[in-house]
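[1] pasting the structure only:
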């Protein structure tokens with residue numbers, strides 16, 4: 001995710017992240033789509049707002065990308081349709097420098113992570129701001145759903161805006177950029193990594209990591225006023241799951257934040273099992289949204 005030298009875009013792990021039905025069948029609400037342009041610093045981001053069936057004002061989620069050259073349409077097909085079926089409007093945009101969006105895209109490593117995440121968080125907040133002034137969107141129920149690298153970006157955005165009502169992170173790391181890169185190389189996730197290391201060896205060498213660290217999400221997670229849900233794969237070989245959970249639990253206790261963690265047993269970074277099985281974690285998301293008053297009971 002964070003390494004500018006990586007050859008395989010990590011978003012590819014999420015192409016099939018949604019359930020089969022969600023991936024293959026666009027809801028009727030696909031017809032209720034509106035193109036927008038988001039202005040964010042030096043970039044104009046091409047975006048599309050999808051509205052669910054029914055009458056608004058609706059809750060809404062801005063979809064925040066993982067690493068790689070990701071367009072908004074891909075984010076909608078893998079993550080937007082399940083939300084639309086729950087009655088949540090979805091705003092997806094082409095990442096800066098990708099598709100129809102202007103601005104410059106660059107890979108991210110420890111050296112440029114502070115600057116780039118600041119910029120990408122600003123892009124996400126441009127989506128929040130655009131939704132907050134619409135009559136068909138409830139300004140009190142606007143949040144973010146992000147994948148992978150968005151585990152760094154979304155908390156930074158949420159910590160900066162009282163307008164964000166919730167955050168849902170799929171396979172998001174709660175460790176530093178350098179730690180995520182070091183772990184994924186040890187675990188065999190990246191090209192040029194050291195394949196075949198046993199879990200005990202990975203843990204021992206990871207514990208000895210001294211840096212460079214780059215961006216550390218702890219401060220922004222601790223500063224998030226909105227509740228967050230973190231969905232993690234038990235067998236994720238891209239990010240250290242145990243350390244991510246430990247950091248989230250520490251922040252939850254120390255800062256009295258509303259942080260919920262759900263681990264998908266046997267799932268990898270793409271939240272799929274090695275057998276190809278697709279665990280359906282969307283009911284967990286649906287229940288969490290209802291419990292926090294974002295969607296209505298029965299949605």
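    Noted; the coordinates are in hand. Nothing here was measured: the structure is a model prediction, and the numbers come from that model.
[2] ok but residue 230 is inside a helix, no?
    No. Under DSSP: H, G, I helix; E, B strand; the rest coil, residue 230 sits outside any helix and is assigned strand.
[3] ok now do it, which residues does it touch?
    151, 169, 172, 174, 244, 248, 259, 260, 261, 262 (CB atoms under 8 Å, 6 or more residues apart in numbering). Yep, even glycine has a C-beta here, placed from its N, CA and C like the rest.
[4] And residue 293, by the same measure?
    Contacts of residue 293 (CB under 8 Å, 6+ apart): residue 141.
[5] What's the separation between it and residue 282?
    Per CB to CB, to the nearest Å, residue 293 is found 19 Å from residue 282.
[6] Mind giving me the packing neighbours of the biggest helix by length in the chain?
    Assignment by DSSP state H gives helix 113-132 as the longest helix of the chain. If contacts are counted by 3 or more CB pairs under 8 Å, 6 or more residues apart in numbering; DSSP states H and E, helix 113-132 sits against strand 33-40, strand 43-50, strand 58-64, strand 89-93, strand 137-147, helix 150-160.
[7] For the fourth one, name the packing helices and strands.
    Taking 3+ CB pairs under 8 Å, 6+ apart as the contact definition, the neighbouring helices and strands of strand 89-93 are strand 43-50, strand 58-64, helix 72-75, helix 113-132.
[8] Residue 102 is nearest to which of the helices and strands packed on helix 113-132?
    Smallest distance to residue 102 across the helices and strands packed on helix 113-132 (CB to CB): 4.8 Å, for strand 43-50.
[9] Taking helix 113-132 as reference, get the angle to that closest one.
    Strand 43-50 runs at 50 degrees relative to helix 113-132, counting by axes from the mean of the first three to the mean of the last three CA atoms, to 10 degrees.
[10] Many thanks, I have nothing further to ask.
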